[in-house]
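Enquirer: Model the following, please.
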Amino acid sequence: MRSVGILGAGSFGTALAVHAARSEREVVLWARRPELVEEMAQDRVNRDYLPEVELPARLRPTAELAAVAACEVVLVAVPSHGFRETVRAFLALQPAGRPAILVSATKGIEVETQARMSEVVFEEGMAADREVHYAVLSGPSFAAELGRGMATAAVLASSEPGLAGWIQEELASASLRLYTSADVVGVELGGASKNVIAIAAGVVSGLGLGYNTQAALVTRGLHEITRLGVAYGGQQRTFAGLAGLGDLVLTCTGGLSRNRQAGMDLAAGKTQAEITGAHTVAEGILNSLAVARLARKRSVEMPITEQMVEIIYQDKPPRQALAELMGRELKPEAEL
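Expert: Below you'll find the predicted structure:
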């Protein structure tokens, strides 16, 4: 692999670009805003999203999608609500007859359709009449730490075993250890649904509740995530791994978690509109709706997720939500 393209110059997209450039790849980092591209090219830092990390010389910022189309592998790191539009525009520039290799680094679900990112890529590939090979990258990985070269482990999932293994070999490094998986559904749903549980963890922290409450929330949250994933064909063991438990623990407890911070803001009385008006948006705010809708389609019980939807969108008092969760019918723990 000689060249890597990154669609999305937010914090995680920039961190991935920095990592790939440090691994001696030629990297093209696409940003939607030309003014951000100009600042990155001039200052060699992304001051808006990853100000503490210098951009390597091999990393070239661009506002032109066509510059990314020439890359061998393209990582898509845009928010889920902009994923379809970005992929559609990119595939329109992909030369006919040349397969595209897309790796999703987006942890989300399309709210309007409840489509996972792999489903969006499939639909857009069919519409554009382009051959697309797909993998998803997920796991416990704060952008700031990955960008600074701190040891990180993540998982690459693809229905094409050879593709996952090839990308693993090419992108792994001394600071990024990658594992492969064939469970695309489980990895995608784990990455998206854990964001909602992380908002709940922020609410618990913001209310000043203790470690007992946090531990119970994370454990029962994992049950919810696993139930949903298995209902849609995911493998139960996936949710005990990096894309499930690993990512959940990080996002629920780490101080760099935007979703956890969103929950703390909700506990402090901020509204959904005030939170989504921030510079960087927590995926779990929108994805709480998508996850809840997916659960209802398959009659999957997700009480924590349902309470988060009511807190975020119906102004339910957080303490009332907690009381309702604690007052639910008693049952055996082993039930998924």
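
Enquirer: worst-scoring helix or strand of the chain, pLDDT-wise?
Expert: helix 272-276 (a mean of 83; mean pLDDT, DSSP states H and E).

Enquirer: list the buried ones in that one?
Expert: Using 16 or more other C-beta atoms under 10 Å as the burial criterion, the residues of helix 272-276 that qualify are 272, 275. To be clear about C-beta, it is placed using only N, CA and C from the backbone, and glycine gets the same treatment.

Enquirer: cool, stretch 85-101 as well?
Expert: Those would be 86-87, 90-91, 94, 100-101, for stretch 85-101 by 16+ other C-beta under 10 Å.

Enquirer: From the residues you listed, which shows the smallest pLDDT?
Expert: pLDDT across the buried residues of stretch 85-101 is lowest for Gln94, at 91.

Enquirer: what sits against that one?
Expert: By C-beta atoms under 8 Å, 6 or more residues apart in numbering, Gln94 lies in contact with 69, 100, 128, 130.

Enquirer: swap in Phe83?
Expert: By C-beta under 8 Å, 6+ apart, the contact set of Phe83 is 76, 104, 106, 108, 110, 117, 120.

Enquirer: now, among the residues you listed, which is nearest to Ser11?
Expert: Thr106 (12.9 Å; C-beta to C-beta).

Enquirer: Hmm, Val78 and that closest one touching each other?
Expert: Yes. At 6.3 Å, Thr106 counts as touching Val78 under the criterion of C-beta atoms under 8 Å.

Enquirer: Please identify which of these two sits among more neighbours.
Expert: Thr106 (31 against 25; other C-beta atoms under 10 Å).

Enquirer: does the more buried one sit in a helix, a strand or a coil?
Expert: When classified by DSSP: H, G, I helix; E, B strand; the rest coil, Thr106 comes out as coil.

Enquirer: Renumber starting at 40 from here on
Expert: Got it, the first residue is 40 from now on, which makes the last one we talked about Thr145.

Enquirer: Which residues are in contact with it?
Expert: Contacts of Thr145 (C-beta under 8 Å, 6+ apart): 115-119, 122, 156.

Enquirer: same thing with Leu130?
Expert: Leu130 touches 139, 163-164, 167, 169, 171, counting by C-beta under 8 Å, 6+ apart.

Enquirer: I'd like to know how many residues surround the closest residue to it other than its chain neighbours.
Expert: Closest residue to Leu130 apart from its sequence neighbours, by C-beta to C-beta, 6 or more residues apart in numbering: Ala167 at 4.1 Å. Per other C-beta under 10 Å, the neighbour tally for Ala167 reads 18.

Enquirer: just checking, Ala167 touches Ala131?
Expert: Yes. Ala167 is within contact range of Ala131, at 6.2 Å (criterion: C-beta under 8 Å).

Enquirer: Leu305 versus Pro90, what's the distance?
Expert: From Pro90 across to Leu305, the span is 26 Å (C-beta to C-beta, to the nearest Å).

Enquirer: let me fix that: Phe161
Expert: Using C-beta to C-beta, one gets 35 Å for the distance from Phe161 to Leu305.

Enquirer: can you tell me which residues contact the closest residue to Gly283 other than its chain neighbours?
Expert: Ranked by C-beta to C-beta, 6+ apart and with sequence neighbours excluded, the top spatial neighbour of Gly283 is Gly229, at 4.3 Å. Going by C-beta under 8 Å, 6+ apart, Gly229 touches 177, 264, 268, 273, 277-278, 282-283, 286-287.
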